[in-house]
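fold the following for me, if possible:
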Amino acid sequence: MQFQQLLYFVAVAETRHFTRAAERVHVSQPSLSQQIKALEQELGAELFSRARGNITLTDAGEALLPLARRILADTETARLEVQELAQLKRGRVRLGATPSLCTGLLPDVLRSFHDLHPGIELLIEEGGSHDLVRELARGALDLALVVLPLPTPSPALTTVELLREDLVVVSAASEPAPRRPVRIKDLRDQPLVMFRHGYDLRELTVAACRAEGFEPTFTVEGGELDAVLGFVRAGLGLAVVPAMVAGRAGRDLRVTALARPGLRRTIALAHRSDVAPPRAARELQRLLMATRRRV
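Model prediction:
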């Protein structure tokens, strides 16, 4: 049973005339009659009674008509849904990002994407680069924003550098201001609020302190991004955070630059190498790549 055969059958059933049905579906009358005959042979029953030139449905035809109409309607629905997806009217994007990028970079980009494609569902997963790489590899994400270098580089992933971002020191506005600009070695005598293990920012900060010959002192450690900023606001210590995050942190936090050469991190956009991202994900990828700049 073919789609065209059902289409021709419904046209004849509704017009009760082979020639008018052929004109409706833009096919020659002999071709239409041939397809109807082939359908009847496949089903093992006549669908039309042709007595005295009048075209009427047989019992088999009456039984088939509502089913054929439903199949044609479902096919049209499927066609429209695929077209809407191809035209970015519907669909979804599964994006992974580190918490700091969810706070600093993504709000403006996602707003632009949503304004352009309001029918696309955005699913965001926060996590460390290591977790996001694992989720990408198993197909749970379409794209991920990760910090380079990756903890476990994989040839199965394609990464493109997106931007390089300065890290800065934040402190409570109500507390005495630290030396400007802050040198890494100045952190030796400063209490720090530190992220949990697995955060890229923790690894960068601790590595920089050790390169200066000391272990940092933590007053509080183990928090997520919002918790760390809250602890800093409470005056529990300083924290090293991305510049974009600090720019959105509010007036109750003081932002101080690190002395040259400072600390920077490299942000990359990653996706699986063996599977092209879906159309909607590629559009978000285009918007993200438009932010390629040095922060």
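
looking at this protein, which helix or strand does the model trust least?
strand 293-294 (a mean of 46; mean pLDDT, DSSP states H and E).

and Glu40, how many neighbours?
18 (other Cβ atoms under 10 Å). Heads up, the C-betas are built off the backbone N, CA and C, glycines and all.

which SS class is it?
Three-state assignment for Glu40 (DSSP: H, G, I helix; E, B strand; the rest coil): helix.

report the distance from the longest helix seen in the chain to the chain centre.
The single longest helix within the chain, with elements called by DSSP state H, is helix 59-86. Put simply, helix 59-86 sits 31 Å off its chain's centre (Cα atoms, centre = their mean, to the nearest Å).

could we number from 506 for the rest of this?
Done: numbering now begins at 506, and the last item shifts to helix 564-591.

which parts of that helix are buried?
Residues 566, 569-570, 573, 576, 590 are the ones in helix 564-591 that count as buried (16 or more other Cβ atoms under 10 Å).

Leu653: which of these is nearest?
Leu590 (32.1 Å; Cβ to Cβ).

please name the residues that touch Leu792.
Going by Cβ atoms under 8 Å, 6 or more residues apart in numbering, Leu792 touches 614, 617-618.

okay, those in JSON lines with pLDDT, secondary structure and neighbour count next?
As requested, these are exported to JSON lines (pLDDT from 0 to 100; DSSP: H, G, I helix; E, B strand; the rest coil; neighbours: other Cβ atoms under 10 Å):
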{"residue": "Val614", "pLDDT": "94", "secondary structure": "helix", "neighbour count": "17"}
{"residue": "Ser617", "pLDDT": "94", "secondary structure": "helix", "neighbour count": "14"}
{"residue": "Phe618", "pLDDT": "95", "secondary structure": "helix", "neighbour count": "22"}
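
which one of those is nearest to Asp731?
For these, the nearest to Asp731 is Val614 (19.7 Å; Cβ to Cβ).

can you list the domain ranges for the protein.
Residue ranges for the domains of the chain, per automatic domain parsing: 508-591, 596-668+770-799, 670-769.

between the two ends of the shortest one, how far is it?
Domain 508-591 has an end-to-end distance of 23 Å (criterion: Cα to Cα, to the nearest Å).

same question for it, mean pLDDT?
Average pLDDT, domain 508-591: 90.

ok, back up a step: what's the next secondary structure element after the longest helix of the chain?
strand 596-602 (DSSP states H and E).

can you tell me what sits against that next one?
590, 610-611, 618, 624-632, 636-637, 640-641, 645-651, 783-786, 789.

how about that strand: buried residues?
Buried residues in strand 596-602 (16+ other Cβ under 10 Å): 596, 598-602.

C-alpha coordinates for that strand, CSV please?
Taking Å, rounded to 0.1, in the frame of the first residue of the first chain, the C-alpha atoms of strand 596-602 are listed here in CSV:
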residue,chain,number,x,y,z
GLY,A,596,12.8,21.8,18.3
ARG,A,597,15.2,21.9,21.3
VAL,A,598,18.9,22.5,22.1
ARG,A,599,20.6,20.7,24.9
LEU,A,600,23.5,22.9,26.1
GLY,A,601,26.0,22.2,28.9
ALA,A,602,28.0,24.9,30.6
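
format the CA atom coordinates belonging to the very next helix or strand once past that strand as PDB.
As assigned by DSSP H and E, the chain's next helix or strand after strand 596-602 is helix 604-609. Written as PDB, here are the backbone C-alpha positions of helix 604-609 (Å, rounded to 0.1, in the frame of the first residue of the first chain):
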ATOM      1  CA  PRO A 604      28.100  27.500  36.400                       C
ATOM      2  CA  SER A 605      30.200  30.600  35.900                       C
ATOM      3  CA  LEU A 606      29.400  30.700  32.200                       C
ATOM      4  CA  CYS A 607      25.700  30.200  33.000                       C
ATOM      5  CA  THR A 608      26.000  33.300  35.100                       C
ATOM      6  CA  GLY A 609      28.300  35.400  33.000                       C
END
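
show me how far helix 604-609 is from its chain's centre.
Using Cα atoms, centre = their mean, the offset of helix 604-609 from its chain centre is 15 Å.

still on that earlier bit, any chance of the buried residues of strand 596-602 in JSON lines, plus pLDDT?
Output for the buried residues of strand 596-602, formatted as JSON lines (pLDDT from 0 to 100):
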{"residue": "Gly596", "pLDDT": "84"}
{"residue": "Val598", "pLDDT": "92"}
{"residue": "Arg599", "pLDDT": "93"}
{"residue": "Leu600", "pLDDT": "97"}
{"residue": "Gly601", "pLDDT": "96"}
{"residue": "Ala602", "pLDDT": "95"}
